[in-house]
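**Q** sequence and predicted model, in that order:
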Amino acid sequence: MKTPKMDQELRRLMDTIDLRDIHPVGILARLTGDPPIRGGPIILEVKSTIRHRWSSPPNRFDVLGRFALNARSGRSESKTRAKNFVLLRYEIVASYQVRSEPAPATRSAPSFLDEAVLDIFSNTNGMIHLWPYFRTYVSSVLGVLGLPPFPLPVWRLKEAQGTLDRK
């Protein structure tokens, strides 16, 4: 549960870090079936997981995002669920450096941080930094595969949850 103290620590973290690098670490694009007729309805399933880890040197940490997209036709000829026709996976890392209070050799957080604050940061700011790269990857790969574009929504933070808002 997010507390006023966590809000304060989150603000302090954001004031003392720099985004150093963002780079993909894994990609997969696979056609798994026939796409629907052009203009036909498409159902997208997007899943994401975000986690953080301390890295070297000790005053740095990474936010790793794993994204998966499955697309299937919105219509099925049979009463069973339509099969996916495309599968995309994307893993990306954002690396941050804490400008003050470096972490001790144990790789624990600087004194003003705890794991809960890093979780909140990773699922909010980390996601805000990584989501546009996933959206670009999806758009680019669909074009390479000769599929019609299906743009993903802008990632929005829902109050307190930090989840994808598809409204």
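**A** That came in fine, so what should we check first?

**Q** contacting residues for the most centrally placed residue in the chain?
**A** When Cα atoms, centre = their mean is applied to the chain, the residue found nearest the centroid is G65 (4.3 Å). When contacts are counted by Cβ atoms under 8 Å, 6 or more residues apart in numbering, G65 is found next to 48-50, 90-94, 126-127, 130-131, 134. Using the backbone N, CA and C atoms, a C-beta is placed for each residue, glycine as well.

**Q** now, which of the residues you listed lie within strands?
**A** Residues from those lying in strands, with DSSP state E as the criterion: S48, T49, I50, Y90, E91, I92, V93, A94.

**Q** so which of those residues is the closest to L28?
**A** Relative to L28, the closest of these is Y90; by Cβ to Cβ it sits at 7.8 Å.

**Q** by residue count, what's the longest helix in this protein?
**A** As assigned by DSSP state H, the longest helix anywhere in the chain is helix 127-144.

**Q** who's in contact with it?
**A** By Cβ under 8 Å, 6+ apart, the residues outside helix 127-144 that reach it are 19, 22, 24, 27, 29, 48, 50, 63, 65, 67, 69, 86, 88, 90, 92, 94, 148-152, 154-155, 157, 162.

**Q** go with 6 Å
**A** Taking Cβ atoms under 6 Å, 6 or more residues apart in numbering as the criterion, the residues outside helix 127-144 that touch it are A29, I50, G65, F67, Y90, I92, A94, P149, L152, W155.

**Q** which among those residues gets closest to L10?
**A** Among these, I50 lies closest to L10 (Cβ to Cβ), at 15.0 Å.

**Q** partners of the closest one in the sheet?
**A** With beta bridges defined as DSSP bridges, I50 has these partners: G65.

**Q** from D21, how far out is it?
**A** Applying Cβ to Cβ, to the nearest Å, the value for I50 to D21 is 17 Å.

**Q** the two: which has the busier surroundings?
**A** I50 (20 against 11; other Cβ atoms under 10 Å).

**Q** look up how far V93 lies from the more buried one.
**A** In this structure, I50 lies at 11 Å from V93, with Cβ to Cβ as the measure.

**Q** kindly report the same for P24.
**A** 8 Å.

**Q** so between those two, which is more surrounded?
**A** V93 (18 against 14).

**Q** so where do the helices sit in the chain?
**A** 4-15, 115-121, 127-144.

**Q** same list (those) but as a markdown table, adding distance to P58, mean pLDDT and mean neighbour count.
**A** A markdown table is the format used below for the helices of the chain (distance: least, Cβ to Cβ, whole Å; pLDDT from 0 to 100; neighbours: other Cβ atoms under 10 Å):
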| stretch | distance to P58 | mean pLDDT | mean neighbour count |
| --- | --- | --- | --- |
| helix 4-15 | 16 | 86 | 14 |
| helix 115-121 | 14 | 89 | 18 |
| helix 127-144 | 22 | 94 | 17 |
